[in-house]
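Novice: sequence unknown, structure follows:
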């Protein structure tokens, strides 16, 4: 599959702006949505962590599917100025590199919440490791799965401009 990807032309500035903007928006919405959910969950469900964790896992799974679907649709939606995004090695590299630098700090508040959940009602140390594993899974989806779906869903070959 990689052998079929063109090495050129390099993406234009408008293409890079669109690419980074779309993927970053999806990643930020994903992490912010899950952070808000995790922060509010104990307010609406005061049961112990073990009993409400299923809601955290379900919300993460649902948000992950929604974000990955959003990435697929977003990559295939033409822009008025750029047209369709072309899939090439430079655009795929940009998808991963730029959006990781720009959006990844947004997952840190969720890490703080999950760390708090991991020690909830513990006498000493971490007694709910599954909270931290959930954060790792969410980080992997946001850092790898969302951009990978976006990259895989871009138009193969050279994009056509909207006027062509």
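Specialist: Sure, I can see it. Here the structure is a predicted model, which means the values were calculated and not measured. Numbering: from 1, shown residues only.

Novice: where does pLDDT dip in the chain?
Specialist: Scanning the chain for pLDDT under 70 picks out 1-11, 157-164.

Novice: residues in contact with residue 134?
Specialist: When contacts are counted by CB atoms under 8 Å, 6 or more residues apart in numbering, residue 134 touches 56-57, 60, 114. In short, each C-beta sits where N, CA and C put it, glycine included.

Novice: what does stretch 96-111 rub up against?
Specialist: 16, 19-20, 23-24, 27-28, 31-32, 34-35, 38, 135, 138-139, 142-143, 147, 151.

Novice: quick check: the residue most central in space within the chain vs residue 51, distance?
Specialist: Taking CA atoms, centre = their mean as the criterion, residue 142 is the residue nearest the geometric centre of the chain, at 2.8 Å. Going from residue 142 to residue 51 by CB to CB, to the nearest Å gives 27 Å.

Novice: out of the contacts of stretch 96-111, list just those in helices.
Specialist: 16, 19-20, 23-24, 27-28, 31-32, 34-35, 38, 135, 138-139, 147, 151 (DSSP state H).

Novice: buried among those? Need that as a selection in PyMOL.
Specialist: Here is the PyMOL selection string for the buried members of the ones in helices among the contacts of stretch 96-111, based on 16 or more other CB atoms under 10 Å:
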select buried, resi 16+19+20+23+24+27+28+31+34+35+38+135+138+139+147+151
